[in-house]
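Chemist: What follows is a protein structure lacking sequence information:
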Ligand SMILES: Cc1cc2nc3c(=O)[nH]c(=O)nc-3n(C[C@H](O)[C@H](O)[C@H](O)COP(=O)(O)OP(=O)(O)OC[C@H]3O[C@@H](n4cnc5c(N)ncnc54)[C@H](O)[C@@H]3O)c2cc1C
C-alpha cells in the first residue's frame, strides 16, 4: 500500500483530502492528514469579528467534520520533514513514512520580527486581526474605544489576503459612522507599497475609495520599530506616525518546521514550481496554499484553484506522466468597502484586475472593480460557500481554475 | 521610450527604469544618481554592485534580504538612498524595479 501524507488540515490540506480520497483508494492507497489543532477557523471571518459583524461561533468548526472518514487524521505537531528519507517526524519522536507528500501548513504572523511590536502595548493599543485571539481582543477594544488616531498598518509583503488591511480600514470607517463618532476618529492607512495595491488599475480604484472615505494613506513606509512609550511607529527613513490605536499586520511567515527541515526560504516558504505546484527540490513533494513561495495571492480562493490543478498533477505523477504546467496564479477576491458594499477582483500572474463582469461575460451578476451591494452579498455568501462547497473540494459552477479573460476590460 | 542619459540614448520604461542592462555603465549610474539627488560614495557603489549581482543571479530583491545580506543593514541602506531606497538604488543600478508580491 502506498501512502499520501498531507501536512496541515486548514483550507488547502482539507480540500486536498476531499479531492484525493475519491481518486486514491484502499487497498492501494492510504491517505493521512496531520494537524496540531482541533479547530478549523474561517480566517476571512477574522476581518468581521472586530466589528461585531460575525460572532466566534460563525467562524469556528472542528477539523474533524471536514475530513473524509477514509482519511486518517493525526492530531500532532509536526516537528520536521526528512525529505531524503521520505519521512515525517512528529513532535514526540514518532515517524510517518510517505510516498507522496503534500505541504499545506499555511502562513502565520510573526510580530517578534519587528522591534517593539509585541511590547508593553500589545493587545492594549497595538493589535493584529490575523489571529483569532487578536481579532477578538480588538473587538473588545473597539466596543468602547472613544476615538483618536487609528493607524491601519502592513509591516511587509507578502501577507495573506493582501486586501484585508484595506478592507479593515473601509469597515472601520463605516463602523464609526454608524456609531456616530466618525468625526472623533482619524484613520491612516500605512503601507510598505507605493500605493494602496500592487496593480495599477486596482490601486487607482482603491485610492479613490480611500479618498472618498477620508482615510489618509502613507505609502513607502518600511517600519523599523513600534515605540510603545510614545505610541508611534517609526520607519527606517525616520518617518514617524503617532497612533492611539494601531492595527497592524505583522510580518507573515511559513511554519518554523520548514526551517527545522532546511526546506524554507528566508520567510520559511517552500520553493515551489509556480505552474505545476511541485517542490523545486523534491519530485514527490507538492506544495499549495499559503505555505508555498509562488508569486500568487495567499488566499483561500487561490488554494481552491490550486487544489483542482494539483489533484490532476498528483494523479499524473502517480501514473508516471509528465505534470501539466497549468496553474496561472488565478485569484478571485471580494473587497469589502463598508456600508454594505464590496468590490470584486479577478486576476492572475499576468493579468491585473480590471473592470468588467463576472462570472458571465457582459452579464455578471457581479461587477469587477466596482462597488456594489451584490458584491457584498457575494462576500457574505463566501462563508457559506467556504464551509459547504470549497472545503469539500466541490467545483464551483462557472468559475474555472484558470482565469478567463472574457468580459474583462483590458486596455 | 528613449532618454538621453550621460550623453547616450538609453531605453527606459515609463517610470524611468532601464529596460536593457547592457546600456548601463558607471557614467549612466552617476547621471541617474544625480537625477535622484544621491551623490555616490564608495559605499553606494558597493551596494549597487551587490544589487546588480543579485539581479544577475535572479535573486528576488527585498528590503529584508538586503538587511540580511551582510553588505549593508537596513538603517544604512536608508541613509545612503533616502525615502524609498530599494526603488532608488535599483533605478541607479540600471536593473528592474523589484516587483512587490501580492
Ligand atoms: C484576516 C484574514 C482575512 C482573509 N480573507 C480572505 C478572503 O476574503 N478570501 C480568501 O480567499 N482568503 C482570505 N484569507 C486567506 C485564507 O484564509 C488563507 O489563504 C487560507 O486559509 C490558506 O489556507 P492554507 O491551507 O494554506 O493555510 P491554513 O488554512 O492556515 O492551514 C494551515 C494548517 O496547518 C497547520 N499547521 C501548520 N504548521 C503545523 C505544524 N508544525 N504541525 C501541525 N500542524 C501545523 C495549522 O494548524 C493549520 O490548521 C484571509 C486570511 C486572513 C488572516
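Modeler: Received it, and whenever you're ready, just let me know what you need. Predicted model, so just to flag it, every value in this text is computed and none were measured. Numbering: from 1, shown residues only, chains lettered A, B, ... in the order given.
Chemist: Next, the buried residues of stretch B:85-101.
Modeler: B:85-98, B:100-101 (16 or more other Cβ atoms under 10 Å in any protein chain shown). No exception for glycine: its C-beta is placed from N, CA and C like everyone else's.
Chemist: contacts for it?
Modeler: By Cβ atoms under 8 Å, 6 or more residues apart in numbering or on different chains, the residues outside stretch B:85-101 that reach it are A:157-158, A:192-194, A:198, A:220, A:236-237, A:295, B:15-18, B:21, B:23-24, B:28-29, B:32-33, B:36, B:38, B:40, B:47-48, B:51-52, B:55, B:60-63, B:66, B:77-78, B:80-82.
Chemist: thinking again about what came up before, show me which of the buried residues of stretch B:85-101 is closest to chain A.
Modeler: Comparing the buried residues of stretch B:85-101 against chain A with Cβ to the nearest Cβ places residue B:101 closest, at 3.9 Å.
Chemist: The longest helix belonging to chain A close to the ligand?
Modeler: Secondary structure of chain A per DSSP state H: the longest helix is helix A:300-318. Yes: using Cβ under 6 Å from any ligand atom, helix A:300-318 comes into contact with the ligand via A:300-301, A:303.
Chemist: same question for that helix, mean pLDDT?
Modeler: Helix A:300-318 shows a mean pLDDT of 97.
Chemist: likewise stretch A:121-136?
Modeler: 98.
Chemist: just the helices in the chain please.
Modeler: Picking chain A for this. Going by DSSP H, chain A shows helices at A:11-20, A:56-59, A:132-143, A:164-178, A:200-212, A:257-261, A:300-318, A:373-385.
Chemist: that answer is for a different chain, and I need it for chain B
Modeler: According to DSSP H, the helices that chain B contains are B:26-35, B:42-56, B:63-67, B:74-80, B:85-93.
Chemist: and for the third one, what are the contacting residues?
Modeler: The reference is to helix B:63-67. Against helix B:63-67 from outside (Cβ under 8 Å, 6+ apart): A:156, A:192, A:222, A:236, A:266-267, B:47, B:51, B:54, B:59, B:72-74, B:77, B:85-86.
Chemist: now these: which count as buried?
Modeler: Buried, going by 16+ other Cβ under 10 Å: A:156, A:192, A:222, A:236, A:267, B:47, B:51, B:54, B:72, B:74, B:77, B:85-86, out of the contacts of helix B:63-67.
Chemist: Find the pair from those with maximum spatial separation.
Modeler: A:267 and B:47 (22.1 Å; Cβ to Cβ).
Chemist: Now render the buried ones among the contacts of helix B:63-67 as JSON lines, adding distance to the ligand and pLDDT.
Modeler: Shown next, in JSON lines, are the buried ones among the contacts of helix B:63-67 (distance: Cβ to the nearest ligand atom, whole Å; pLDDT from 0 to 100):
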{"residue": "A:156", "distance to the ligand": "15", "pLDDT": "93"}
{"residue": "A:192", "distance to the ligand": "18", "pLDDT": "91"}
{"residue": "A:222", "distance to the ligand": "22", "pLDDT": "91"}
{"residue": "A:236", "distance to the ligand": "26", "pLDDT": "90"}
{"residue": "A:267", "distance to the ligand": "14", "pLDDT": "94"}
{"residue": "B:47", "distance to the ligand": "35", "pLDDT": "96"}
{"residue": "B:51", "distance to the ligand": "31", "pLDDT": "96"}
{"residue": "B:54", "distance to the ligand": "29", "pLDDT": "91"}
{"residue": "B:72", "distance to the ligand": "33", "pLDDT": "93"}
{"residue": "B:74", "distance to the ligand": "26", "pLDDT": "90"}
{"residue": "B:77", "distance to the ligand": "30", "pLDDT": "94"}
{"residue": "B:85", "distance to the ligand": "29", "pLDDT": "90"}
{"residue": "B:86", "distance to the ligand": "26", "pLDDT": "90"}
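Chemist: Residue A:186: what's it in contact with?
Modeler: Here residue A:186 is in contact with A:148-150, A:216 (criterion: Cβ under 8 Å, 6+ apart).
Chemist: For residue A:250, state which of those residues is nearest.
Modeler: Closest to residue A:250 out of these is residue A:150 (17.3 Å), distances taken as Cβ to Cβ.
Chemist: Surely that closest one and residue A:184 touch.
Modeler: No: Residue A:150 is not in contact with residue A:184 according to Cβ atoms under 8 Å; the separation is 10.2 Å.
Chemist: When these two are compared, which one has more neighbours?
Modeler: residue A:150 (23 against 12; other Cβ atoms under 10 Å in any protein chain shown).
Chemist: For the more buried one, list the residues it contacts.
Modeler: Counting by Cβ under 8 Å, 6+ apart, residue A:150 has contacts A:172, A:185-188, A:243-245, A:247.
Chemist: how about a cut-off of 6 Å?
Modeler: Shown in contact with residue A:150 (Cβ atoms under 6 Å, 6 or more residues apart in numbering or on different chains): A:185, A:187, A:245.
Chemist: partners of the last one in the sheet?
Modeler: Residue A:245 has the following beta-bridge partners by DSSP bridges: residue A:150.
Chemist: separation between it and chain B?
Modeler: From residue A:245 across to chain B, the span is 26 Å (Cβ to the nearest Cβ, to the nearest Å).
Chemist: What of residue A:101?
Modeler: The spacing between residue A:101 and chain B, counted by Cβ to the nearest Cβ, is 25 Å.
Chemist: farthest pair in the contacts of residue A:186?
Modeler: A:148 and A:216 (14.1 Å).
Chemist: my guess is residue A:67 meets residue A:61, correct?
Modeler: No: counting by Cβ atoms under 6 Å, residue A:67 sits too far from residue A:61 to count as a contact (11.5 Å).
Chemist: Settle it for me: which of the two has more neighbours?
Modeler: For residue A:67 and residue A:61, the more surrounded residue by other Cβ under 10 Å is residue A:67, and the numbers stand at 23 against 15.
Chemist: show me the contacts for residue A:391.
Modeler: Taking Cβ under 6 Å, 6+ apart, we find residue A:391 in contact with A:14, A:66.
Chemist: again, only using 10 Å
Modeler: By Cβ atoms under 10 Å, 6 or more residues apart in numbering or on different chains, residue A:391 lies in contact with A:9-12, A:14-15, A:17-18, A:40, A:42, A:61, A:65-67, A:300, A:304, A:385.
Chemist: do the same with residue A:333
Modeler: By Cβ under 10 Å, 6+ apart, residue A:333 lies in contact with A:44, A:161-164, A:167, A:202, A:297, A:299-302, A:342-347, A:353, A:379, A:382.
Chemist: just the buried members of the residues you listed?
Modeler: A:44, A:161-164, A:167, A:202, A:297, A:299-302, A:342-347, A:353, A:379, A:382.
Chemist: out of those, who's near chain B?
Modeler: Residues of these in contact with chain B (Cβ under 10 Å from any Cβ of the partner chain): A:162-163, A:202, A:297, A:299, A:347, A:353.
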